[in-house]
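>>> please find the sequence and the predicted model below.
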Amino acid sequence: MNKRRNVLGFHASAAYITGFGGGEPPPYSRFYMGGESDIRGYDIRSITPVTFIPVASTQQFTYNCNTCLNGFGGPSPRTVSVPVLGYTITFPGGDTQGYGNVEYRIPIIGNTFQTVLFFDGGHQRHPQKRRLTA
């Protein structure tokens, strides 16, 4: 382009991983995008699907009961346990990923210094486990 000086580049990649016998692959073998080789502008291996794991716990609350009097005629403290559902976040990595890059290079000084306009995009997926109910 432009007297053979400017360069227009395209790159696309897709990948899929599965565990032995069709099972789930371990977390250290899954896909994590980010870095200069796929999605620039992010730390290496910092892009991953997010999963929230439900965690049940109980929270205790103490209050003064005005209808339950102590030996001196004053309100007595009562404690109630309330079930609370919270979530723990985890970054399991993906088993399917696809990304693409488009860039336009403009030389400034020979081929040594160039300016680059680029666009990177991608998608990563981690399947949720399906629960079978009888």
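Perfect, I can see it now. Numbers count the residues shown, from 1 in each chain.
>>> where do the strands of the protein begin and end?
For the chain, the strands defined by DSSP state E cover 7-16, 51-69, 75-90, 96-109, 113-125.
>>> got CSV for those, with mean pLDDT too?
Converted to CSV, these look like this (pLDDT from 0 to 100):
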stretch, mean pLDDT
strand 7-16, 93
strand 51-69, 87
strand 75-90, 89
strand 96-109, 92
strand 113-125, 91
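>>> which of those sits most buried?
Across the strands of the chain, averaging neighbours per residue (mean count of other C-beta atoms under 10 Å) puts strand 96-109 on top, at a mean of 15. In this view, the C-beta of every residue, glycine as well, is placed from N, C-alpha and C.
>>> measure how far that strand is from the centre of its chain, please.
In terms of C-alpha atoms, centre = their mean, to the nearest Å, the gap separating the centre of strand 96-109 from the centre of its chain is 24 Å.
>>> elements contacting that strand?
Contact partners of strand 96-109 among helices and strands, from 3 or more C-beta pairs under 8 Å, 6 or more residues apart in numbering; DSSP states H and E: strand 7-16, strand 113-125.
>>> ok, which of the strands of the chain comes nearest residue 40?
Each of those was checked against residue 40 via C-beta to C-beta, and the shortest separation belongs to strand 113-125, namely 5.5 Å.
>>> who touches that closest one?
Judged by C-beta atoms under 8 Å, 6 or more residues apart in numbering, the contacts made with strand 113-125 from elsewhere in the structure are 31, 33, 38-41, 47-49, 94-108.
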